[in-house]
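*Asks:* The sequence and its predicted three-dimensional model are supplied below.
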Amino acid sequence: MQATNAPEDLFLAGYRAGKSGAALRDESSAGRIWLAGDDRIAFMQRLSTNEMRLPPGAGTVTILTSPTARIVAMLTVQVHRDGLLLITGADQGPTVFMTLRSQIFFSDKVELAGRGAALAQFGVYGPEADATLAKAGAGDLSDLAMFSWREVTLSGHPCTVQRIEGAGSDGLTVLAPAPAASSVRSALMNAGAVAIGEDAFAVLRVEAGVPAAGIDLTEQVNPLEAGLRRFCNDFKGCYTGQEIIARQITYDKVATHLVGIRMTALAVPGAQILVDGRQVGWVSSAVQSVALDQPIALAFVRRPNHEPGTEVIVQSAGAAIMAEVSSLPFVAA
């Protein structure tokens, strides 16, 4: 029998599923927070960038910002009749919970509760995501609008499915009761989903030019610098950091931009980007691209050096790596 590299086989199987099938990612490390009370909408309106006055069944993405408009957290929201379910990036649940709790005033009629342990979370990504959920018993999801969610039954268990922006194509977030996690996972796998690990998902994500919460999206940058203008509503009223964001939009003062970097060797996150010996940015994510067969990165670079084609040096672990700024995405969906 010919020997195989099992980890590499699993990596490529997950990557290919995300490109042409349905890739199943365990996302239970994400935080899940329930926000209830009569003032829940007003509370999130004043703390985050996007419009929260939405009907039950709708959803959105909103960004918690600091007083200086830096990204504290990016949240995916489900609007329920009796509350809001807030989904954070990986391992950010406790930090976001404490941040929200610290902003509750005495007169605020809001209640916070952690749902991380009560719910399992899966992401299904790739062009066959809808078909896979349908085969697993979720029904036809073709009319499910972006960020909207609905209740479904999977393997006999009540679940929710929400459409999200994926890694190169739309994705679906599946929430299930924690005790049903194994059963729901099996149902999705039996319907054709292929497990994808974090390394393969990172390649898909970076190739698609998608920044990740807690990795690329940190308090080093603001939403405009990260290319998240679409999640900053101009008409919702004041929120933390809103004046700074509004000024940057009005006066074209966004000085740093999320860009792609094509490299001759793989850099580490945090590596400095230099032009003529001056630091002009830093690498936030770096992978070996499968589609392009070369090292690539997401990075934040100050203008005018952010223009595609700009030659740069990436200073990483003592090595000077020749590189070039690229437009995003690296690979079209």
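*Replies:* It's in.
*Asks:* okay, now the domains of this structure?
*Replies:* 6-13+21-199, 255-333 (automatic domain parsing).
*Asks:* ok, the closest residue to I296 other than its chain neighbours to Q272 distance?
*Replies:* Closest residue to I296 apart from its sequence neighbours, by C-beta to C-beta, 6 or more residues apart in numbering: S289 at 4.7 Å. All C-beta atoms are positioned from the backbone trio N, CA, C, and that covers glycine. Note on S289: its distance to Q272, by C-beta to C-beta, to the nearest Å, is 21 Å.
*Asks:* Equivalent analysis for Q242, please.
*Replies:* 31 Å.
*Asks:* all strands for the stretch 1-150 of the chain, in order.
*Replies:* Ranges of strands within the stretch 1-150 of the chain are 23-26, 30-36, 59-65, 71-80, 83-90, 111-114, 119-125, 149-154, based on DSSP state E, counting those that start in this stretch.
*Asks:* Make JSON lines out of those strands and add mean pLDDT.
*Replies:* As requested, the strands of the stretch 1-150 of the chain are arranged in JSON lines below (pLDDT from 0 to 100):
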{"stretch": "strand 23-26", "mean pLDDT": "98"}
{"stretch": "strand 30-36", "mean pLDDT": "99"}
{"stretch": "strand 59-65", "mean pLDDT": "99"}
{"stretch": "strand 71-80", "mean pLDDT": "99"}
{"stretch": "strand 83-90", "mean pLDDT": "98"}
{"stretch": "strand 111-114", "mean pLDDT": "98"}
{"stretch": "strand 119-125", "mean pLDDT": "99"}
{"stretch": "strand 149-154", "mean pLDDT": "99"}
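*Asks:* Is it possible to get JSON lines of the ones you listed that adds mean neighbour count?
*Replies:* Shown next, in JSON lines, are these (neighbours: other C-beta atoms under 10 Å):
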{"stretch": "strand 23-26", "mean neighbour count": "24"}
{"stretch": "strand 30-36", "mean neighbour count": "21"}
{"stretch": "strand 59-65", "mean neighbour count": "23"}
{"stretch": "strand 71-80", "mean neighbour count": "23"}
{"stretch": "strand 83-90", "mean neighbour count": "22"}
{"stretch": "strand 111-114", "mean neighbour count": "14"}
{"stretch": "strand 119-125", "mean neighbour count": "24"}
{"stretch": "strand 149-154", "mean neighbour count": "18"}
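*Asks:* quick one, what contacts S327?
*Replies:* 259-260, 308 (C-beta atoms under 8 Å, 6 or more residues apart in numbering).
*Asks:* Tell me the most packed of these, by neighbour count.
*Replies:* Most neighbours among the contacts of S327, by other C-beta atoms under 10 Å: V259, with 25 neighbours.
*Asks:* still on that earlier bit, quick check: which of the strands of the stretch 1-150 of the chain is nearest to A136?
*Replies:* strand 149-154 (5.6 Å; C-beta to C-beta).
*Asks:* hmm, who's touching that closest one?
*Replies:* Strand 149-154 has contacts (C-beta under 8 Å, 6+ apart) with 57, 59, 78, 133, 136-139, 141, 144, 158-163, 173-174, 176, 180, 184, 187-188.
*Asks:* Quick check on the residues you listed: which are buried?
*Replies:* Using 16 or more other C-beta atoms under 10 Å as the burial test, the contacts of strand 149-154 include 59, 78, 133, 136-138, 141, 144, 159-163, 173-174, 176, 180, 184, 187-188 as buried.
*Asks:* Of those, which belong to helices?
*Replies:* The helices, defined by DSSP state H, take in 133, 184, 187-188 from the buried ones among the contacts of strand 149-154.
*Asks:* so can I have CSV of these showing distance to A118 and pLDDT?
*Replies:* Converted to CSV, these look like this (distance: C-beta to C-beta, whole Å; pLDDT from 0 to 100):
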residue, distance to A118, pLDDT
L133, 22, 99
V184, 14, 99
A187, 20, 99
L188, 20, 99
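*Asks:* Need the max-distance pair from those.
*Replies:* Between any two of these (C-beta to C-beta), the greatest distance is 10.9 Å, for L133 and V184.
*Asks:* shared neighbours, those two?
*Replies:* Residues touching both L133 and V184 by C-beta under 8 Å, 6+ apart: V174.
*Asks:* if we can go back for a sec, tell me which of the contacts of S327 fall in strands.
*Replies:* With DSSP state E as the criterion, strands contain 259-260 from among the contacts of S327.
*Asks:* what residue is smack in the middle of this protein?
*Replies:* Centrality entry for the chain: nearest residue to the mean C-alpha point is A212, 4.6 Å, by C-alpha atoms, centre = their mean.
*Asks:* Spatially nearest residue to it, not counting backbone neighbours?
*Replies:* Closest to A212 by C-beta to C-beta, 6+ apart is R205, at 6.3 Å.
*Asks:* That neighbour: neighbour count?
*Replies:* 23.
*Asks:* Next, the buried residues of the helix or strand harbouring it.
*Replies:* With secondary structure defined by DSSP states H and E, R205 is part of helix 198-207. Neighbour-count burial for helix 198-207 flags 200-207 (criterion: 16+ other C-beta under 10 Å).
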